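Chemist: structure here, sequence nowhere to be found:
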């Protein structure tokens, strides 16, 4: 159920890339033709991009299209190949990601909390919303932690052919 929920989050967030593209494209006409709004479009695109990446990193790792610590599974391997891989080899990547994401959450929680409490603004423009970028970092850590936990449980599950 958790894996399906994470998949729904993926599908809901992926269209945000179109909004990011539109905002980045609009910067030029806003700056040169309208004379205003380019900074706001850029700041909005930055925090949308932060949320997009927070979700996309987990999704890319799940689909084996991102850097991975599993060389035997890195090239679009099938689930059958995953089942033939010894459990100790399938534990490495989830344990590393679990440790890294737990560290990320622990180390960044105070910074993100302070940023949220102060409703931190973008440094160059003083536009609101910079705190959302730090919250996206926490979202990324949480999503990776959950996925690593699921991967770890999957790796520990007895194989049907064993």
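Modeler: Everything's here; your move. Because the structure is a prediction, the values reported are computed rather than measured.

Chemist: quick check: buried residues in the helix or strand hosting residue 92?
Modeler: Remark: residue 92 resides in helix 87-117, with elements defined by DSSP states H and E. Of the residues in helix 87-117, those scored as buried under the neighbour-count criterion (16 or more other C-beta atoms under 10 Å) are 90, 93, 94, 97, 98, 101, 104, 105, 108, 112, 115. All C-beta atoms are positioned from the backbone trio N, CA, C, and that covers glycine.

Chemist: spatially nearest residue to residue 13 (excluding sequence neighbours)?
Modeler: residue 55 (4.2 Å; C-beta to C-beta, 6 or more residues apart in numbering).

Chemist: so residue 111 touches residue 131, yeah?
Modeler: No. The pair residue 111 and residue 131 does not pass the contact test of C-beta atoms under 8 Å, sitting 10.0 Å apart.

Chemist: how much space between the residue of the chain most remote from its centre and residue 41?
Modeler: Each residue of the chain has a distance to the centre, and by C-alpha atoms, centre = their mean the biggest one is for residue 33: 34.9 Å. Relative to residue 41, residue 33 is positioned 13 Å away (criterion: C-beta to C-beta, to the nearest Å).

Chemist: what's the answer for residue 97, then?
Modeler: Distance check for residue 97 against residue 41: by C-beta to C-beta, it reads 34 Å.
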